[in-house]
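>>> I would like to see how this sequence folds:
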Amino acid sequence: MIDPLQAFLEAHSLQGPLFPSTSRYHGLPAGVHQTADGRSLVYVTRRIVPPPERFALLQEHAVVQGDRLDNLAQRYIGDAEQYWRICDGNGAMRPDDLLEEIGRLLRITLPEGIPGPNDA
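Numbers count the residues shown, from 1 in each chain. Got it, this is the predicted structure:
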């Protein structure tokens, strides 16, 4: 007997990763939820963000009036779309919270698992 879920997954397999390597969702697998009426809903599984202290610190940035996370990501990381790395490095669930307090020090970090300059 053919497993319907397995047949669905094989018939709808995606080529390559679901998200580009710069995405916060890169490498996460897709899940499938079967609804009561028999529909299959594909979703991205949960992303677990490590604690900020597990990211190697590159430098800090003091928030000034008018700062935007996309601009800071462009300046420090080289890619505005990587603003989420600043959020991860500071344990932010709401990105806007990071910029509310002028003078707050934001951690600019490397991705988890990449040693920083002080780890050499």
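
>>> SS state for residue 107?
strand (DSSP: H, G, I helix; E, B strand; the rest coil).

>>> count of residues packed around residue 97?
Around residue 97 sit 13 other residues, with neighbours defined as other C-beta atoms under 10 Å. C-betas here are computed from N, CA, C, even on glycine.

>>> that one belongs to a strand?
No: under the criterion used here (three-state DSSP), residue 97 is helix, not part of a strand.

>>> how far away is it from residue 106?
Computed as C-beta to C-beta, to the nearest Å, the residue 97 to residue 106 distance reads 11 Å.

>>> same deal with residue 95?
11 Å.

>>> who has more neighbours out of the two?
Between residue 95 and residue 106, residue 106 has the larger neighbour count (other C-beta under 10 Å), namely 21 against 15.

>>> surely that one touches residue 63?
Yes: judged on C-beta atoms under 8 Å, residue 106 makes contact with residue 63 at a distance of 6.3 Å.

>>> overlap of the contact sets of these two?
residue 98 (C-beta atoms under 8 Å, 6 or more residues apart in numbering).

>>> for burial, what's the neighbour tally of residue 107?
Neighbours of residue 107 under the rule other C-beta under 10 Å: 19.

>>> test my guess that residue 32 contacts residue 44.
No: between residue 32 and residue 44 there is no contact under C-beta under 8 Å: 11.3 Å.

>>> please enumerate the strands of the chain.
30-34, 40-44, 57-62, 105-109 (DSSP state E).

>>> how far off centre is the last one?
Read it as strand 105-109. Relative to its parent chain, strand 105-109 has a centroid offset of 16 Å by C-alpha atoms, centre = their mean, to the nearest Å.

>>> and it, what does it pack onto?
Counting contacts by 3 or more C-beta pairs under 8 Å, 6 or more residues apart in numbering; DSSP states H and E, strand 105-109 packs against strand 57-62, helix 69-77, helix 83-89.
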